[in-house]
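Enquirer: Based on what follows, work out the 3D shape:
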Amino acid sequence: MSGVALSLSLLTGVIGATAAAPEADPLAGYLAALERSGRLPQEPPTLETLRERLAVAEEQLVRGDSRSSAAGLFALVEAPRFSSFRDSVPFQNAELTLARALFRGGAHASAERYLLRVLGRGPQGPYWVAAHRALVDLAIEIRDHDRLLGVMESLASGAAVPADSAWERDYLRGRRAYAAGDLAAAAEAFARVPRTCRFYPGAAYFRGLIATRRRAFGDARGAFCEILPRKDGDSLAFNVDGRYYMLQDLARLALGRVEHEQDRYDAAYYFYFSVPEDSDRLAEALFEAAFSMYEKGEPAAAQAFVDAFMRRFPDAPERAEMTLLRAHLAVRSCDFNGARTRAADLVTSNAEVAKLVARAVTDPALARRLGRRLVDRQGAPLATGDTEGRLLSLLKLDARFATYLQTLRAVQGDLAEAVETEQAWQALGDAIEGRSTVYRTAVSPEAAQLLTDTEALVPLLADAPELAPRVEALLVEATMLAHPPRDIGPYAAERREARALIDRLTSLRGALLTAGDTLVVESLHELDARLRSLFRQTRLVHIDAVVGRKKRLEIEIANLRAGRLTGALYAKLKGEGALGDDEEYWPFEGEYWSDEYENFR
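Expert: Numbering: from 1, shown residues only. Here you go, the predicted structure:
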């Protein structure tokens, strides 16, 4: 029972994620009904029992089993028989731990509900500060700074708020103002975050971003440098949390960009090179460092960064730009034939992709198909001739798509659980009435055949992923026709609620897919513009290579007319002049043999 009830609560949390948190959890009603029916264990509700079960749930949460932890905690904080302990410290600890378990499981609205329950007891509560920190983390996770900041400010109105909690609210105010484009208000809010607050590194990073946007590069450099340790092994002069190491890499990248913007290429090289090998930002660092060194006029350093990038990230979206940079570097090194070859290869290898992109930006059906495949892509190596796969690997997707993908997969998983939950309520009701086999038998042979035919469509989706939502919706309908829910009998209300949840999740998934299509189309337009620009630049490479080769020949001709020999020509003529008419030239291959060298001993 706990698993079914937890699924319902988690699903309710997902649906309510865009609205204000509901006041009561429906699970409380289920547990109360189960207690009245005598179907729960009749162990005495003691404070010791509460502590023991709380310890088990905390251990499960530490191991990463948030679902089991939440299921056990629901049975504590919502069971009527433990209500007499609501004001005890272990009970409040159980509420906070449940909120954390729900947060980790992705049920953000339900997590918010229990955090607000803890915070509602006022700043004097034993877990008020911890719950406030968790609510701030929730606001950052779901990017709902404005609404949740208003909720926090309405809590304990007039009561003194602990200093650390007030600083965390200042950080949220800065994030809200920065998102709204109010840089002055954001800078003021971030400046109020002290070193003793765990968000100080984040505030320093945003202060650096604000200074960069104002082109106050000195202030930006100072803010970003605050985040980095002075040298390896130094202790930090501020408090940090788990976000700090990600901010370190972002700060190194930002410093590289600030120095590059001021044409201080050696300093930019230092910061780009300092990004660790295991960083998620390494590809960006190599990419930007290569162009920085090229602009400085250091082709050898630029080539080293290009080679490292292509070796480590052969399927990165920026590989086309790096191929073009290789061609430019070949021109710089006077390898004119190599430059033209690389430029031609760039066009040839991406010609089919460019045609497909040009079609996709004007063909909504093709764009939807690409979007569905992008959602289902698991990072497998690209097959030879897979033009669509190559196109998807070149797309530059921002943080919005990552958030969309995470939400879509959560909703799809919740939809599958909702269907199972509805069927579980049906099976439970049938079992109580002695009809345990009715649930597994279709209402008619025709309905059973329809369900079988629909299930046969699922394997075919591999070749047509854009049809997945329609087939999945059809599968749900066929299942309901073959095994229709009963409107009477035990747990009929729960079945109706589960069915309503299925409908809401189906609608939500459709809205998400539509939003995802919009993001994919934006990325396709960006890729179309990038490829067109790259192809135009390859023409310039060809022109530069032809002009460079012509200029080199003109210089050689001028030198010959003046009686001067170039190094390459002199070496060639010297070797040929040392040979007699009856002699044959043997190119040196690393060692002399006794019959080729008369002084061999």
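
Enquirer: any idea which residue sits dead centre in this protein?
Expert: With distances taken as CA atoms, centre = their mean, residue 402 lies nearest the centre of the chain, 4.2 Å away.

Enquirer: What strand or helix carries it?
Expert: helix 399-432 (DSSP states H and E).

Enquirer: Next: residue 325.
Expert: Assigned by DSSP H and E, residue 325 falls within helix 319-332.

Enquirer: how far away is residue 60 from residue 225?
Expert: Distance of residue 60 to residue 225, given as CB to CB, to the nearest Å: 42 Å. C-beta coordinates here come from the backbone N, C-alpha and C atoms, glycine included.

Enquirer: For the two, indicate the residue with more neighbours.
Expert: The residue with more neighbours, out of residue 60 and residue 225, is residue 60; 20 against 15, by other CB atoms under 10 Å.

Enquirer: which SSE is that one in?
Expert: Per DSSP H and E: helix 47-62 holds residue 60.

Enquirer: what angle sits between whichever helix or strand comes after that helix and helix 47-62?
Expert: As assigned by DSSP H and E, the chain's next helix or strand after helix 47-62 is helix 66-77. Angle of helix 66-77 versus helix 47-62, following axes from the mean of the first three to the mean of the last three CA atoms, to 10 degrees, is 160 degrees.

Enquirer: in which helix or strand would I find residue 315?
Expert: Residue 315 belongs to no helix or strand, assigned by DSSP H and E.

Enquirer: Count the neighbours of it for me.
Expert: Residue 315 has 12 neighbouring residues, counting by other CB under 10 Å.

Enquirer: from here on, count from 674
Expert: Right, with 674 as the first residue, what we last looked at is residue 988.

Enquirer: Give me the nearest residue to it, chain neighbours excluded.
Expert: Sequence neighbours aside, residue 1066 is the residue nearest to residue 988 in space, at 5.0 Å (criterion: CB to CB, 6 or more residues apart in numbering).

Enquirer: How many neighbouring residues does that neighbour have?
Expert: 18.

Enquirer: Distance check, it against residue 993.
Expert: Distance from residue 1066 to residue 993, by CB to CB: 10 Å.

Enquirer: now do residue 1075
Expert: 22 Å.

Enquirer: For the helix holding residue 998, name the packing helices and strands.
Expert: When contacts are defined as 3 or more CB pairs under 8 Å, 6 or more residues apart in numbering; DSSP states H and E, helix 992-1005 packs onto helix 955-969, helix 972-985, helix 1009-1033, helix 1165-1234.

Enquirer: Any chance you could list what contacts the second one?
Expert: With contacts defined as CB atoms under 8 Å, 6 or more residues apart in numbering, helix 972-985 is touched by 942, 955-956, 959-960, 962-964, 966-967, 989, 991-992, 995, 998-999, 1002, 1005-1006.

Enquirer: buried sites along it?
Expert: 972, 974, 975, 976, 978, 979, 981, 982, 983 (16 or more other CB atoms under 10 Å).

Enquirer: JSON lines for the residues you listed, including distance to residue 1096 and pLDDT?
Expert: Below are the buried residues of helix 972-985 laid out as JSON lines (distance: CB to CB, whole Å; pLDDT from 0 to 100):
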{"residue": "972", "distance to residue 1096": "66", "pLDDT": "90"}
{"residue": "974", "distance to residue 1096": "63", "pLDDT": "91"}
{"residue": "975", "distance to residue 1096": "61", "pLDDT": "92"}
{"residue": "976", "distance to residue 1096": "61", "pLDDT": "92"}
{"residue": "978", "distance to residue 1096": "56", "pLDDT": "93"}
{"residue": "979", "distance to residue 1096": "56", "pLDDT": "93"}
{"residue": "981", "distance to residue 1096": "53", "pLDDT": "93"}
{"residue": "982", "distance to residue 1096": "51", "pLDDT": "93"}
{"residue": "983", "distance to residue 1096": "51", "pLDDT": "92"}
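
Enquirer: so, if you compare these, which one comes nearest to residue 1211?
Expert: Lowest distance from residue 1211 to the buried residues of helix 972-985 (CB to CB) belongs to residue 979, with 16.3 Å.

Enquirer: ok, the residue nearest to that closest one when sequence neighbours are not counted - how many residues close by?
Expert: Nearest non-adjacent residue to residue 979, counting by CB to CB, 6+ apart: residue 963, 4.9 Å away. Residue 963 has 27 neighbouring residues, counting by other CB under 10 Å.

Enquirer: ok, now which ones touch residue 963?
Expert: Neighbour list for residue 963: 975, 978, 979, 982, 995, 998 [criterion: CB under 8 Å, 6+ apart].

Enquirer: Check those against residue 802 and report the nearest one.
Expert: So of those, ranked by how close each gets to residue 802 (CB to CB), first place is residue 982, at 45.5 Å.

Enquirer: Was I right to think residue 881 contacts residue 901?
Expert: No: between residue 881 and residue 901 there is no contact under CB atoms under 8 Å: 11.3 Å.

Enquirer: Distance of the residue nearest to residue 991 when sequence neighbours are not counted relative to residue 1042?
Expert: Closest residue to residue 991 in three dimensions, ignoring its sequence neighbours and counting by CB to CB, 6+ apart: residue 960, at 5.0 Å. Using CB to CB, one gets 30 Å for the distance from residue 960 to residue 1042.

Enquirer: what do you get for residue 772?
Expert: The value you get for residue 772 to residue 1042, if CB to CB is used, is 41 Å.

Enquirer: Between these two, tell me which one has more neighbours.
Expert: For residue 772 versus residue 1042, the count of surrounding residues by other CB under 10 Å is larger for residue 772: 29 against 18.

Enquirer: Secondary structure element for the more buried one, which one?
Expert: In the assignment (DSSP H and E), residue 772 maps to helix 762-777.

Enquirer: tell me which residues in that helix are buried?
Expert: 763-777.

Enquirer: Report all helices and strands that that helix contacts.
Expert: In terms of contacts (3+ CB pairs under 8 Å, 6+ apart), helix 762-777 is packed against helix 675-688, helix 720-735, helix 739-750, helix 781-792, helix 801-814.
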